[in-house]
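S.K.: have a look at this fold, sequence not included:
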């Protein structure tokens, strides 16, 4: 069975600080996919990134970066120079390779990030 | 601008009411999903539709009845709900991909439901 753990329930940092959101996953499959979504107060889940299990290269997108470590089953997300607009709930999710590309996503419980001006 | 829209955004209903939630995607996708997000719980998948056919029902009570008339529209019909059904209901869509390749799901803004 697959599982995603986001141990940090809430994090608060002062604006312009860097912050890392942790995600640890469990799966028995060798082919799997990891995702990060952002949920602002409006409620919509905004897709941030998808990473497959064969690609351990870290990725940077502007102020966002992701560190995928298969050895520790982690897929951590770092925001550098945080801004108030980054305040949201962030979800890490996992899915296993599927027949039609529509396997269900298993979500963590989310980390509520508050950026203090 | 979101490619997945949901109406209504907020809904209050009594336990004896019948209501429907609507989802529409403008992304040309062929798979659609209903998720339930309750306070302090992970998002739970409820239903999956591929090309209008239901392919997954995640042990959802029969008081929730989905309908997918075409690949762009998805409904969730509600009747005789319980207060514990109060939650944010999120719709998502994705392309149908190749075997072994997981497509990205794109979500709508959700319907916040309160059952009194």
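M.R.: Good, I have the coordinates. Predicted, not measured: the structure shown is a model, and the values here were computed from it.
S.K.: can you tell me the closest non-neighbouring residue to residue 14?
M.R.: No chain was given, so I picked chain A. residue A:116 (5.0 Å; C-beta to C-beta, 6 or more residues apart in numbering or on different chains). C-betas here are computed from N, CA, C, even on glycine.
S.K.: meant chain B actually
M.R.: Nearest to residue B:14 is residue B:116, by C-beta to C-beta, 6+ apart, at 5.5 Å.
S.K.: that neighbour against residue B:17, yeah?
M.R.: No: using C-beta atoms under 8 Å as the test, residue B:116 is too far from residue B:17 to be in contact (9.3 Å).
S.K.: how far off centre is the helix or strand harbouring residue B:47?
M.R.: In this structure, residue B:47 sits in strand B:44-50 according to DSSP states H and E. Computed by C-alpha atoms, centre = their mean, to the nearest Å, the chain-centroid distance of strand B:44-50 equals 7 Å.
S.K.: that older thread, kindly state the pLDDT recorded for the residue nearest to residue A:14?
M.R.: Note for residue A:116: predicted pLDDT of 97.
S.K.: what are the buried residues along stretch B:60-71?
M.R.: For stretch B:60-71, burial by neighbour count (16 or more other C-beta atoms under 10 Å in any protein chain shown) applies to B:60, B:64, B:66, B:68, B:71.
S.K.: distance check, the first one against residue B:73.
M.R.: I take that to be residue B:60. 19 Å (C-beta to C-beta, to the nearest Å).
S.K.: please apply the same query to the third one.
M.R.: Using C-beta to C-beta, one obtains 11 Å as the distance from residue B:66 to residue B:73.
S.K.: equivalent analysis for the second one, please.
M.R.: Distance, residue B:64 to residue B:73, by C-beta to C-beta: 17 Å.
S.K.: mind showing which ranges of chain A have poor pLDDT?
M.R.: Within chain A, the stretches with pLDDT under 70 are A:97-103.
S.K.: quick one: which of the buried residues of stretch B:60-71 sit in strands?
M.R.: B:64, B:66, B:68 (DSSP state E).
S.K.: what sits in contact with each of residue B:116 and residue B:17?
M.R.: When C-beta atoms under 8 Å, 6 or more residues apart in numbering or on different chains defines a contact, no residue borders residue B:116 and residue B:17 alike.
S.K.: surely residue B:68 meets residue B:31?
M.R.: No: counting by C-beta under 8 Å, residue B:68 sits too far from residue B:31 to count as a contact (9.9 Å).
S.K.: list residues touching both of these two?
M.R.: residue B:49.
S.K.: at the geometric centre of chain B, which residue sits there?
M.R.: Nearest to the mean C-alpha position of chain B, counting by C-alpha atoms, centre = their mean, stands residue B:34 at 2.5 Å.
S.K.: who are the packing partners of the strand or helix carrying that residue?
M.R.: Assessed by DSSP H and E, residue B:34 sits inside strand B:31-37. Under the contact criterion of 3 or more C-beta pairs under 8 Å, 6 or more residues apart in numbering or on different chains; DSSP states H and E, strand B:31-37 touches strand B:18-25, strand B:44-50, strand B:73-79, strand B:87-94.
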